[in-house]
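*Asks:* Sequence first, predicted model second:
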Amino acid sequence: MFAQNPLRFGIQGGIQMNSAILPDIELNESIDDVLDGNEVVKGVPQYAQVTFNYRAGGFVQYEDAIGFSQLDVAYSTAHIYKEVTLDGGILGDYYVTALDRTYSYLDTHLSYNLYLSKNHNAFVGLGGGPSFLLHFTKNNEPEAVNWNAFLNLGVALSDNISILTKLQLGVNEVYKDSYVHHIMVPVVVCVGF
């Protein structure tokens with residue numbers, strides 16, 4: 001991504017698309033299914049609406065011959081929003097907000113990225129790490145730490161500037177025993193020094 005010195009520091013910032021995996025709770029009405037050990041209430045996954053938020057922070061990276069390790073520390077915001085449509089018959093549809101929560105996190109992520117070209121201008125990587133909860137809305141308190149796994153995709157525009165996106169999934173549940181998991185896709189510009 002960056003040339004010359006193998007140890008680099010920099011800043012990053014950009015937008016973040018958020019959604020979440022949510023359970024769609026429905027009653028399991030099959031007696032045979034219940035007798036086979038399945039729960040009376042079962043969850044069928046659904047997704048929250050996509051919202052846009054932001055992310056800003058810094059990074060440290062160490063480059064080797066085939067790629068680079070990168071530690072990111074960033075402030076990020078997330079919003080889980082779910083609106084459901086109820087059929088009102090001849091009166092039309094009704095829209096009801098089923099879930100509306102916002103969060104802010106201190107993300108600490110470590111990744112290793114492989115160069116895809118000998119010019120070192122495109123890379124792909126895997127990583128993960130904890131996000132520490134800083135703030136939340138509503139009464140239900142989320143988990144204090146959200147562990148994430150992600151896939152990095154990036155391109156260097158110059159020796160000091162690159163664009164990076166992460167396909168990021170919260171490994172643990174946002175709320176204990178809720179089956180709610182964050183999905184985040186930040187697109188950030190990284191400027192190295």
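*Replies:* Yep, it's here. Keep in mind that this is a model prediction, so the values were computed, not measured.

*Asks:* Buried residues in stretch 55-75, which are they?
*Replies:* Neighbour-count burial for stretch 55-75 flags Arg55, Gly57, Gly58, Phe59, Gln61, Glu63, Gly67, Phe68, Gln70, Asp72, Ala74 (criterion: 16 or more other C-beta atoms under 10 Å). Using the backbone N, CA and C atoms, a C-beta is placed for each residue, glycine as well.

*Asks:* From the contact counts, what lies against the biggest strand by length in the chain?
*Replies:* Counting by DSSP state E, the longest strand found in the chain is strand 93-115. Contact analysis of strand 93-115 by 3 or more C-beta pairs under 8 Å, 6 or more residues apart in numbering; DSSP states H and E lists strand 67-87, strand 122-136, strand 145-156 as its packing neighbours.

*Asks:* So what's the residue count around Asn148?
*Replies:* 22 (other C-beta atoms under 10 Å).

*Asks:* List the residues that contact the residue nearest in space to the middle of the chain.
*Replies:* Residue closest to the average C-alpha location in the chain (C-alpha atoms, centre = their mean): Met184, at 2.5 Å. Contact analysis of Met184 by C-beta atoms under 8 Å, 6 or more residues apart in numbering lists Gln16, Met17, Asn18, Ser76, Ala78, Asn148, Lys166, Gln168, Leu169, Gly170.

*Asks:* just curious, which of those is nearest to Thr137?
*Replies:* Ala78 (11.0 Å; C-beta to C-beta).

*Asks:* about what we covered before: filter the contacts of Met184 down to the buried ones and hand me the ChimeraX line.
*Replies:* The ChimeraX command for the buried members of the contacts of Met184 (criterion: 16+ other C-beta under 10 Å) is given here:
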select :16,18,76,78,148,166,168,169,170
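
*Asks:* which one of the contacts of Met184 is nearest Leu157?
*Replies:* Checking these one by one against Leu157 (C-beta to C-beta), the nearest turns out to be Lys166, at 17.6 Å.

*Asks:* how near is that closest one to Val180?
*Replies:* According to C-beta to C-beta, to the nearest Å, Lys166 stands 20 Å off from Val180.
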